[in-house]
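A.B. asks: pasting the sequence and the predicted model now:
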Amino acid sequence: MSRLWPVLKSAQPAVASAATGGCPFGGARSSQVSPAISSARSESTLADLSDGSLFPQQPAAALPVNEIPGPKGLPLIGTLYNYIKKNGFKFNKLFEAHAYHFEKYGPFFRENIVGRKFNVLRDLREWRTQVIQQEPKCPQRVALEPMVRYRKMRNLSQGLVNSQGEEWFRFRSAFDKKLLAPKEIECHFEPLSSVADDFITHLQHAADPQTGIVYNIENEVFKWSLESICAVLFRSRLGCFQDPPSRDAQEFISNCRRFFTTMQTLMYEPPYKKWFSSKTWDEFVTCSDALLQQGISMTESVPEESLAHYFLRDSKLKREEVALSLLDLIIGAMETSTKTVIWSLYCLAQWQDAQERINKEVTRVVGNRPLQLGDLKDLPLVKASLKETLRLYPAPFVISRIMQRDTNVRGYNVPAGEEVVISLWAIGHDEKLFPDHKNFIPERWLEEEQSEGQRMYNSLPFGHGRRMCIGRRIAEMEIYILLSKLAARCRLEYPNTEAVEPIIEMTLAQDRPVHLRLSNRKLEPPT
Ligand code: HEM
C-alpha cells in the first residue's frame, strides 16, 4: 500500500518523482533535441530566455479543464481504485497506464488520483508551443519533498533543483552559462576522457575471470557517474576506481546511495508519516548531513581552473549556496546518468548489429590513436545511440510543469496551480513516429533517415525551455566519450535470456541487476 501514497502527496513522488521530470529532482533535456528545435531555443541559455515576454492571449472559447477526456474516478479517491484493484495498473509502471489512456482517450487526458490532477499530453509540439513557450520567467516543477523538508529543517536554502520563483532564477542564472554554453563545456573533455579510460580498465578488472561477466554493473556505472561529475566540478579525481576506492570516494558513494534509496522510500510513504520520526527519515537526514559536510569541505580548497572555484569567486552566491548547488548538480547527475548509461550498455549488448556498426564508426574515425574532442562531431552514430537509448528508456519518463496562470492547452483552460505533464515514454514508443519502435535502431536519428515528424518534435529527453536540464551538455559529452571508448575497446554481450524491463524508481530504472559480459576487442585497422 505504501507505494500508492506518492500520488496522494501534493508536493511530489511515485508519480511525482517521475512526473517532476526525473533528474531525480524532478524531471530534466540538445543535440538530443531534434534539429528543428535545436536551431531555435534549445541552444539558448537562461540569459536568452529571461525576457518573460511570451504570454499569448487566451482564446475565448477554451473548454473547462474538467472536460478533458480521461478515466472517471470515484469521489475522494479519484482513479486510485484502478491502481489498487487486482490486475490494475501499477504505479511503478505508470507509463503503461499512460499508454493505455492515450489509446482510449486521445492525445490529452486528465486523471484525478486522490485529488491530485494530472493533465497528460503526448505531443511534443503542443508541449513546446502551448506549455513551454508560455512559461513565465521562473517555471515551476514539483519539488522533491524530502529534500525540501530537510533543507527547511536545517535552515538552508533550497538550491538549484528545488527552489522556485526568483530564488530559483538567482541560482540558475549563476550556473547557466558555464554549464550550458557549448564552448564552456569543451574544457571538460580531457578530465572526462581520463575518467572513461579508468572506468573501462576498472570494468575489465571487475569482470569475472572465468566468464568475463561484470555482475550488477550498476555498482560500477554509479562510480563512473560520480567520478565524472566530480572531475567536471572540482577538476580533481575522487578516487572511485582505486582498489579499494579512496576513503573520500567510499564515503561519498555510500552517502549518495543511501541518499537515493532513502529519498525514494520517503517519497513513497503515506504523507502523514512525515509528522513522525522514522528510521528512514533519520537515515536520510544522516546521509544528507554527511553529503552537505563533504560538499562544504570539497569547496574549501579547489583548484583555480575548476568550475567550483569559478562559482565561488564569480557567482555572487554565498559559499554555502555554492556548496548546496554543487551537491544539487551531483545529485542531479547521478541517477539520470547512471541509469541512462546502464540502458545504453544493455541496448548495445542486446542489439549486437548496432554495436558492430558503432564500433566500425569509431574505428574509422579514431583508429589507433586516442579519442580527441574534434572527433565527437564525426561520430553521429554514437550520438544517435544515446538518443535512441533515451527514446526507449527516457530517464525521466515524463516532465511536468505547474501552471502559474490559466493556460490554454489543446483548447482546454488549465487553471493556475494544476500540473501539465508530457509523457516522453509514450512519444518514444509511438509506432507511427518510430516504426519498429521496440527495436534499438540508432540510424533512425541520422538526418537523412528521419521523417519530417521526427525532425520536428520527437525528442526532448533533457526537457526544454528555461528549466531544462542544466547538465545536458555535460551528460551528453561524458556519455559520448564513454560510448566511443567502450566501442573501441570492448565487445558487450547480455548473458541472460530474460529481457530487462523498465520500472519507475527515482528515474526509469532496470527491474533487476544487469549483468554484462565484456570481452576485449582487437583494434581492427580502419577501412
Ligand atoms: C542522461 C542524463 C540526464 C538526463 C536524461 C537528464 C534529464 C533531466 C530532465 C528531464 C530535467 C527536467 C527538465 C525540465 O523540467 O524541463 C533535468 C533537470 C535537472 N538536471 Fe538533468 N539529466 C541528465 C543529466 C544531468 C547531469 C549530468 C546534471 C549535472 C551536471 C544534471 C542536473 C540537473 C539539474 C540540476 C536539474 C534541475 C534544473 C532546474 O530545475 O533548474 N542532469 N534533467
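C.D. replies: Received the coordinates, thanks.
A.B. asks: dump the residue contacts of residue 480.
C.D. replies: 376, 379, 382, 383, 386 (CB atoms under 8 Å, 6 or more residues apart in numbering). Any C-beta I mention is one placed from the backbone N, CA and C, and that applies to glycine too.
A.B. asks: so which of those residues is the most crowded?
C.D. replies: Most neighbours among these, by other CB atoms under 10 Å: residue 386, with 25 neighbours.
A.B. asks: residue ranges with poor pLDDT in this structure?
C.D. replies: Along the chain, segments meeting pLDDT under 70 span 1-60, 271, 448-457, 522-527.
A.B. asks: any chance you could map the strands in it?
C.D. replies: Along the chain, the stretches classed as strands by DSSP state E are 63-64, 108-113, 116-121, 213-214, 398-402, 407-409, 412-414, 419-423, 490-493, 502-504, 508-510, 516-520.
A.B. asks: and the ligand, which of those strands is closest to it?
C.D. replies: Among the strands of the chain, strand 398-402 comes nearest to the ligand, with 4.8 Å by CB to the nearest ligand atom.
A.B. asks: that closest one and the ligand in contact?
C.D. replies: Yes: Strand 398-402 reaches the ligand (CB under 6 Å from any ligand atom) through residue 399.
A.B. asks: could you shift the numbering so residue one becomes 34, and keep it that way?
C.D. replies: That works, and once the first residue is 34, the last one we named lands at strand 431-435.
A.B. asks: and that strand, what's buried?
C.D. replies: Buried residues in strand 431-435, counted by 16 or more other CB atoms under 10 Å: 431, 432, 433, 434, 435.
A.B. asks: and if you look at stretch 158-166?
C.D. replies: 159, 160, 161, 163, 164, 165.
A.B. asks: would you list those in TSV and tack on distance to the ligand?
C.D. replies: Below are these laid out as TSV (distance: CB to the nearest ligand atom, whole Å):
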residue	distance to the ligand
159	15
160	10
161	11
163	15
164	10
165	8
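A.B. asks: out of the residues you listed, which comes closest to residue 130?
C.D. replies: Within these, proximity to residue 130 (CB to CB) peaks at residue 160, which comes in at 19.0 Å.
A.B. asks: any idea what the nearest residue to the closest one once chain neighbours are set aside is bridged to?
C.D. replies: The shortest distance from residue 160 to any non-neighbouring residue, by CB to CB, 6 or more residues apart in numbering, is to residue 455 (4.2 Å). Under DSSP bridges, the beta-bridge partners of residue 455 are residue 154, residue 432.
A.B. asks: wait, residue 455 touches residue 164, no?
C.D. replies: Yes: contact criterion CB atoms under 8 Å: residue 455 and residue 164 qualify, at 7.5 Å.
A.B. asks: got any residues that touch both of those two?
C.D. replies: residue 154.
A.B. asks: ok so, going back, return the subset of the buried residues of stretch 158-166 lying in helices.
C.D. replies: Residues of the buried residues of stretch 158-166 located in helices (DSSP state H): residue 159.
A.B. asks: of all the buried residues of strand 431-435, which two lie farthest apart?
C.D. replies: The widest separation within those (CB to CB) is 13.5 Å, between 431 and 435.
A.B. asks: picking that back up, okay if I get the strands of the chain as CSV plus distance to residue 398?
C.D. replies: Below are the strands of the chain laid out as CSV (distance: least, CB to CB, whole Å):
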stretch, distance to residue 398
strand 96-97, 53
strand 141-146, 43
strand 149-154, 39
strand 246-247, 27
strand 431-435, 33
strand 440-442, 44
strand 445-447, 47
strand 452-456, 35
strand 523-526, 17
strand 535-537, 32
strand 541-543, 30
strand 549-553, 20
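A.B. asks: quick one: closest of the ones you listed to residue 387.
C.D. replies: Going by CB to CB, the one of these nearest residue 387 is strand 523-526, 11.0 Å.
A.B. asks: each with direction, which strands does the closest one pair with?
C.D. replies: Take DSSP bridges as the rule and strand 523-526 pairs in its sheet with strand 549-553 (antiparallel).
A.B. asks: does residue 145 really touch residue 110, like I thought?
C.D. replies: No: with contacts counted by CB under 8 Å, residue 145 stays clear of residue 110, the gap being 9.2 Å.
A.B. asks: just grab the bridge partners of residue 553 for me.
C.D. replies: Beta-bridge pairing for residue 553 (DSSP bridges): residue 523.
A.B. asks: actually, residue 446.
C.D. replies: Counting by DSSP bridges, residue 446 is bridged to residue 97, residue 441.
A.B. asks: was I right to think it contacts residue 100?
C.D. replies: No: counting by CB under 8 Å, residue 446 stays clear of residue 100, with 9.5 Å between them.
A.B. asks: now, the contacts of residue 513 that are in helices?
C.D. replies: Judged by DSSP H, these include 415, 416, 419 as members of helices.
A.B. asks: now, which of those sits nearest the ligand?
C.D. replies: Out of the ones in helices among the contacts of residue 513, the member with the shortest distance to the ligand (by CB to the nearest ligand atom) is residue 419, at 7.7 Å.
A.B. asks: next, the angle strand 549-553 makes with the longest helix seen in the chain.
C.D. replies: Taking DSSP H as the criterion, the chain has its longest helix at helix 352-383. Between the axis of helix 352-383 and that of strand 549-553 there is an angle of 80 degrees, by axes from the mean of the first three to the mean of the last three CA atoms, to 10 degrees.
A.B. asks: helix 352-383: how far from the chain's middle?
C.D. replies: 7 Å (CA atoms, centre = their mean, to the nearest Å).
A.B. asks: does it reach the ligand?
C.D. replies: Yes: for helix 352-383, a contact with the ligand is found by CB under 6 Å from any ligand atom, at 361, 362, 365, 366, 369, 370, 373.
A.B. asks: closest one of those residues to residue 308?
C.D. replies: Once CB to CB is applied, the member of those that ends up nearest residue 308 is residue 361, at 26.4 Å.
A.B. asks: get me the contact residues on the stretch 184-333 of the chain for the ligand.
C.D. replies: 193, 194, 205, 262.
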